[in-house]
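Participant: Attaching a predicted model along with its sequence, questions to come.
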2 protein chains.
Amino acid sequence: MNIGSAARRSGLPPKTIRYYEDIGLLRADRAANGYRDYSDEDVHRLRFVQRARSLGFSVEECRQLLSLYSDRDRASADVKAIATEKLGEIDRKIAELTGLREMLGHLVETCHGDARPDCPIIDGLSGTTTSH
Amino acid sequence: MNIGSAARRSGLPPKTIRYYEDIGLLRADRAANGYRDYSDEDVHRLRFVQRARSLGFSVEECRQLLSLYSDRDRASADVKAIATEKLGEIDRKIAELTGLREMLGHLVETCHGDARPDCPIIDGLSGTTTSH
DNA sequence: TCTTGAGCTTCCAGTGGCTGGAACCCCTAT
DNA sequence: ATAGGGGTTCCAGCCACTGGAAGCTCAAGA
């Protein structure tokens, strides 16, 4: 099938699929007219990458996962290691964002938000107020 | 003072400060020898940006905040609007990451992680298992 | 048959927010 | 005189795409 169909079935834009081929993540056959030609298995792989990306795996991690995916004899521990590492990263990001949320939320709460120029948010950012 | 001192005092690398000048976010005077010359007020502004960036504001938002910061007559409501919008974004990101965490966490939990090739994580990504 | 339009191809450039490196200048201390 | 640790500029690269131009191919309609 052509790239458009593969795109629709995998949930990835054609541009992205071409990009993935460009960086050697997923290659496709070519039809006689030069068009890329995708098999069902190719689409499967594309969707695999799409899911992995949407779960926060980097393209490089997708490359690893793909090779583990294709390796019928891989140890599940290898996959779990990557996923666990990623889980840690996600947790760290959540923690960081939660911290930010708290700080910014506090600033927003204490700002009366009217026409007067006095603003705790600006003060907080400029460091004139002791942050706690 | 030179860019190095300004960097140390603001918590921003010299490269980043030059970059900010490049994109017109913060400009600096020049000394006779061509070196950038920063006043305490400049450092204050740099730190302001540093804090805003670390709170998740984009550089463009920093530009807005800076102009609000410099405008002694601005309404605190204007600042609050930007901060509240950002708060919403942070909340959305947290929610998204929490969703990811749950999904990936579930996959990791159900993966026994040993030498056998059977792996729910790979299965989950490849879509052979119904996601719920 | 011709034309139209959609879809495909390649390639180049831009996004955000830096960061690294090269090549060079300046200033101070030894 | 020289060595070093600043500073300066500019160019390139990172990640993961995305937009756009110019040109090809294909199927359907007048």
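Facilitator: Looks like it arrived, so ask away.

Participant: pLDDT score for the residue lying farthest from the centre of chain A?
Facilitator: Residue farthest from the centre of chain A, counting by CA atoms, centre = their mean, is residue A:116 at 41.5 Å. According to the prediction, residue A:116 has pLDDT 85.

Participant: I'd say it and residue B:72 touch.
Facilitator: No - applying CB atoms under 8 Å, one finds residue A:116 not in contact with residue B:72, separated by 11.5 Å. The way it works is simple: take the backbone N, C-alpha and C, and place the C-beta from them, glycine included.

Participant: nearest residue to the residue farthest from the centre of chain A other than its sequence neighbours?
Facilitator: Spatially, and ignoring its direct neighbours in sequence, residue A:116 is nearest to residue B:76 (5.9 Å; CB to CB, 6 or more residues apart in numbering or on different chains).

Participant: mind listing what the one you found touches?
Facilitator: By CB atoms under 8 Å, 6 or more residues apart in numbering or on different chains, residue B:76 lies in contact with A:111-122.

Participant: Ramachandran coordinates for residue A:36?
Facilitator: Dihedral pair for residue A:36: phi -70, psi 140, per degrees, to the nearest 10.

Participant: can you check residue A:37 too?
Facilitator: Per-residue torsions, residue A:37: phi -130, psi 120 (degrees, to the nearest 10).

Participant: Quick one: neighbours of it, just the number.
Facilitator: Close neighbours of residue A:37, defined as other CB atoms under 10 Å in any protein chain shown, add up to 16.

Participant: Tell me the predicted confidence for it.
Facilitator: For residue A:37, pLDDT reads 97.

Participant: Tell me how chain A divides into domains.
Facilitator: A:1-74, A:76-132 (automatic domain parsing).

Participant: can you tell if the shortest one touches DNA strand D?
Facilitator: Looking back up the chat, that one is domain A:76-132. No - Domain A:76-132 does not reach DNA strand D (CB under 7 Å from any atom of the strand); its nearest approach is 11.5 Å.

Participant: ok, now the longest one?
Facilitator: Yes - looking at domain A:1-74 against DNA strand D by CB under 7 Å from any atom of the strand, the contacts come from A:13, A:15-16, A:19, A:32-34, A:53, A:58-60.

Participant: what about that domain, how long is it end to end?
Facilitator: 30 Å (CA to CA, to the nearest Å).

Participant: now it: how far from the chain's centre is it?
Facilitator: Distance, stretch centre to chain centre, for domain A:1-74: 15 Å (CA atoms, centre = their mean, to the nearest Å).

Participant: How about the shortest one?
Facilitator: Once both centres are worked out by CA atoms, centre = their mean, domain A:76-132 turns out to sit 20 Å from its chain's centre.

Participant: Which SSE is immediately downstream of the one helix or strand residue A:63 maps to?
Facilitator: Assigned by DSSP states H and E, residue A:63 falls within helix A:59-70. If you walk from helix A:59-70 toward the C-terminus, the next helix or strand you reach (DSSP H and E) is helix A:76-110.
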